[in-house]
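Trainee: Give me a 3D structure for the following:
(one chain, ligands or ions: 2)
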Amino acid sequence: MKIGFIGCGNMGSAMIGGILKKGVFAKDEIIVSNLTEEGSKRSREKLGVVTTMDNCEVVKNANIVILAVKPQFYEEVISQIKGCLTPDHMIVGIAPGKTLAWLEEKCEQPLKVVRLMPNTPAQVGEGMTGACANDRVTKEDLDQILAITNSFGRTEVVPERLMDAVGAVSGCSPAYVFMFIEAMADAAVAQGMPRKQAYQFASQSVLGSAKMVLGTGMHPGELKDMVCSPAGTTIEGVRTLEKNGFRSAVFEALQAASDKGKQM
Ligand SMILES: NC(=O)C1=CN([C@@H]2O[C@H](COP(=O)(O)OP(=O)(O)OC[C@H]3O[C@@H](n4cnc5c(N)ncnc54)[C@H](OP(=O)(O)O)[C@@H]3O)[C@@H](O)[C@H]2O)C=CC1
Ligand SMILES: O=C(O)[C@@H]1CCC=N1
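Mentor: Numbering: from 1, shown residues only. Ligands and ions are numbered 1, 2, ... in the order given. As a prediction, this is how the structure comes out:
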């Protein structure tokens, strides 16, 4: 085994899905632990990876160890595994607020530490991950990490001070986008469109719009202007969104998410 996941829920399994699909690691090179036997069974059946109920087993069998449990379990898990860590290990945190310095301090030894902030679109190979690492992580180590994160989407290496912003703009934002899609579909349903069709219209429009921003390099405002015909329908919707504080609501939501990350 070369890579281990302590915790394999929504985020862990999304990452492993991409890793397996791109062949960065084979199933028998990935070991995961869960809290419950039910979780272990889910990981074996869904992903076909090696499972254990012993977190130290993960550490003993992998040089890259990803902590994919909820932030409130980080301390407990680290206290279980710190005795099994060696200088060859790379510890990877994916939780908001758990800084490089905090992770190294809790492990009680000089270690290679990486922080990632992935997101659930990793599950379909369209993830966005922010990454930073401490000084002990070499360029080769980081390249290895990037090969992993690039297997399930795009990655940007950022200074650690931006990790809370990354958490908000890409870690959390899929939830906000899903709410936007759901709301648009609800409106279409209200106008008589069947629910399934409404999700397709709303989702494909979000997907295409995102591809236009990434693919053309044009300013989102310019792309918006291209949709708004003079005295047309779209500009009426823009007026209504502005009147209801759409941009401000998004701004405040991301600020709240980022602030929360700083407190964790
Ligand atoms: N979900 C998201 O969109 C994102 C999440 N993250 C971060 O990823 C981390 C995981 O979140 P997420 O995947 O959503 O959480 P989930 O609740 O979906 O998964 C948590 C996993 O941890 C396991 N677990 C709990 N306690 C232990 C333990 N003591 N030892 C071993 N395994 C344990 C659970 O096992 P069992 O199934 O048996 O209970 C489960 O597999 C969090 O730190 C979160 O902040 C980061 C970016 C995005
Ligand atoms: O809600 C959370 O705290 C996690 C981190 C980013 C997305 N989900």
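
Trainee: OK, contacts around the residue of the chain positioned farthest from its centre?
Mentor: For the chain, the largest distance from the centre (C-alpha atoms, centre = their mean) belongs to residue 231, which lies 40.4 Å off. Applying C-beta atoms under 8 Å, 6 or more residues apart in numbering, we find residue 231 in contact with no residue. (Each C-beta comes from the backbone N, C-alpha and C, glycine too.)

Trainee: Number of residues surrounding the closest residue to ligand 2 within the chain?
Mentor: Per C-beta to the nearest ligand atom, residue 171 is where the chain lies closest to ligand 2, at 3.3 Å. A count of nearby residues for residue 171, using other C-beta atoms under 10 Å, gives 27.

Trainee: same deal with the one 4 residues further on?
Mentor: Neighbourhood size, residue 175 [other C-beta under 10 Å]: 13.

Trainee: Any idea how far the helix or strand encompassing it is from the middle of the chain?
Mentor: For residue 175, the host element (DSSP states H and E) is helix 173-190. Centre-to-centre, helix 173-190 and its host chain are 20 Å apart (C-alpha atoms, centre = their mean, to the nearest Å).

Trainee: Show the subsequent helix or strand relative to that helix.
Mentor: Where DSSP H and E defines the elements, the next helix or strand beyond helix 173-190 is helix 195-216.

Trainee: which regions of the stretch 51-200 of the chain sit below the pLDDT cut-off?
Mentor: Scanning the stretch 51-200 of the chain for pLDDT under 70 picks out nothing.

Trainee: Enumerate the residues of it near ligand 1.
Mentor: 55, 68-71, 73, 76-77, 94-96, 117-120, 171 (C-beta under 6 Å from any ligand atom).

Trainee: Which positions in the one helix or strand residue 141 maps to come out as buried?
Mentor: Residue 141 belongs to helix 139-150 when assigned by DSSP H and E. Within helix 139-150, the residues scored as buried using 16 or more other C-beta atoms under 10 Å are 141, 142, 144, 145, 148, 149, 150.

Trainee: cool, and stretch 31-45?
Mentor: For stretch 31-45, the neighbour count (16+ other C-beta under 10 Å) marks 31, 32, 33, 34, 35, 39, 40, 42, 43, 44 as buried.

Trainee: which one of the residues you listed sits closest to residue 64?
Mentor: Of all these, residue 64 sits closest to residue 31, with 10.7 Å by C-beta to C-beta.

Trainee: In its sheet, which strands sit next to the host helix or strand of the closest one, and in what direction?
Mentor: According to DSSP H and E, residue 31 maps onto strand 30-33. When pairing is defined by DSSP bridges, strand 30-33 lines up against strand 3-6 (parallel), strand 50-52 (parallel).

Trainee: Just say which of these is most tucked in.
Mentor: strand 3-6 (a mean of 29; mean count of other C-beta atoms under 10 Å).

Trainee: re the thing from before, reformat the buried residues of stretch 31-45 into TSV and put pLDDT next to each item.
Mentor: Below are the buried residues of stretch 31-45 laid out as TSV (pLDDT from 0 to 100):
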residue	pLDDT
31	97
32	98
33	97
34	97
35	96
39	97
40	96
42	96
43	96
44	95
